[in-house]
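Asker: From the sequence below, what's the structure:
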Amino acid sequence: MGITHFNGLQVAGVPTMGMGGLLPYTGNWWFVDPLNGSDGQQGQASTPFKSLNQAQAAAVAGQNDVVVLSDTSSNYLTASLTWAKNQVHLIGINSGQMNGKRSRIAPSAALAGTAGFNNLVSVTAQNCMFMNLGTFYGFANTAAALVCWSDTGGRNNYVNCEFLGFGDATTTTGSSNLTGSRAFVFNNNVGESTFRGCYFGENTSPRNATNHTLELAGGAPRLFFEDCTFAADLGSSGTASSHVLIDTGGIDREAIFARCRFLSSIKSGGSAMAQVFNTNASPGGAVLLDQCTAFGCTAWETTPSNNIYYNMSIVGAAGAGGISLVL
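Answerer: All right, here's what the predicted structure looks like:
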């Protein structure tokens, strides 16, 4: 059985107030320690599980159960992790920095050099909070399009999470060199999900294919991205990549990006990104950019789709040293 007792502003010794507005959830709390835990234990703070799969199996949908992932070691997967229970939350316990969190989900090292699996994490549930989590995903030898994190559930809340796809730069076959690779794919018509302080993509493995950091598909309404960072390191063959791909009918109503940063690492030897957004002429809704900044990117769009509205200056020549300010 998980732990439900309260102690002041803590649940089972885990602080619940002051963590990005997280409220003290009243369901069971299940603990995962990939280094010191065992799936034969009870999943309590002193007897943690080893794997997220075991914790999710123990959790009960619909009662605000919480799975807590420690920072002792990455939770290494040999197959996709499917998060399928509504209203079961996943929180990492770590220092809370934006980059390099050790409460991390990654493929097993035993799969290095193999075709691997797709996706790293697949969220099919709704009404879940994911907080203070890191990921790292990539394989050196695969013909598949590799997606780090997929959400087909909707109505989920992501706070301070890293979605680090493109994690292998092996020529031709590495995940950063596949046209179908993505850090995050949001593909449902439920939408109404929020992303705060999240980090999409990574800037250590050069991308030498036309791929995209975030893909919005399925007609999701009312998506909100606040204070998020989108990162890329592009090789000379990857300049047609974009940070956000919006498919035909990919959104509904609006997708809002507030105070977000869209980066390409040109000051560290990378190439400029031609456009931040690759937006279909009929996306199904509007994109609103509020006080966003682009660096190392040549334009918001190379050919205007007439579906993006913003209150900043246009992006100037990549690397010109200009600053995108509110008009």
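
Asker: what's around the nearest residue to residue 306 once chain neighbours are set aside, how many residues?
Answerer: Among residues not flanking residue 306 along the chain, residue 281 sits closest, at 7.8 Å (CB to CB, 6 or more residues apart in numbering). Heads up, the C-betas are built off the backbone N, CA and C, glycines and all. Close neighbours of residue 281, defined as other CB atoms under 10 Å, add up to 10.

Asker: Can you give me the separation between residue 281 and residue 215?
Answerer: Using CB to CB, to the nearest Å, residue 281 is found at 17 Å from residue 215.

Asker: if I look at the residue nearest to residue 306, how far off is residue 43?
Answerer: From residue 281 to residue 43 the distance is 50 Å (CB to CB).

Asker: check contacts around the residue nearest to residue 306.
Answerer: Shown in contact with residue 281 (CB atoms under 8 Å, 6 or more residues apart in numbering): 305-307.

Asker: Please flag which of the residues you listed sit within helices.
Answerer: Taking DSSP state H, every one of the contacts of residue 281 sits outside helices.

Asker: Tell me the most packed of the residues you listed, by neighbour count.
Answerer: residue 307 (19 neighbours).

Asker: contacting residues for that one?
Answerer: Applying CB under 8 Å, 6+ apart, the residues near residue 307 are 246, 279, 281, 283, 285-287.

Asker: Then residue 34?
Answerer: Contacts of residue 34 (CB under 8 Å, 6+ apart): 50-51, 69-70, 72-76.

Asker: Now do the spatially most central residue of the chain against residue 240, distance only.
Answerer: Nearest to the mean C-alpha position of the chain, by CA atoms, centre = their mean, lies residue 163 at 3.4 Å. Counting by CB to CB, the gap from residue 163 to residue 240 is 21 Å.

Asker: Ok, residue 173 next?
Answerer: 20 Å.

Asker: go on, residue 222?
Answerer: 30 Å.

Asker: which of the residues in stretch 194-207 are buried?
Answerer: Neighbour-count burial for stretch 194-207 flags 194-203, 205-207 (criterion: 16 or more other CB atoms under 10 Å).

Asker: And the helices in the stretch 1-150 of the chain, which stretches?
Answerer: 52-58 (DSSP state H, counting those that start in this stretch).

Asker: Point out where it drops to low pLDDT.
Answerer: Scanning the stretch 1-150 of the chain for pLDDT under 70 picks out 1-24, 143.

Asker: Please, where are all the strands along it?
Answerer: Along the stretch 1-150 of the chain, the segments classed as strands by DSSP state E, counting those that start in this stretch run 6-7, 10-11, 14-15, 29-32, 65-69, 75-77, 81-83, 88-92, 104-107, 121-123, 129-131, 134-135, 147-151.

Asker: Fine, thanks again, bye for now.
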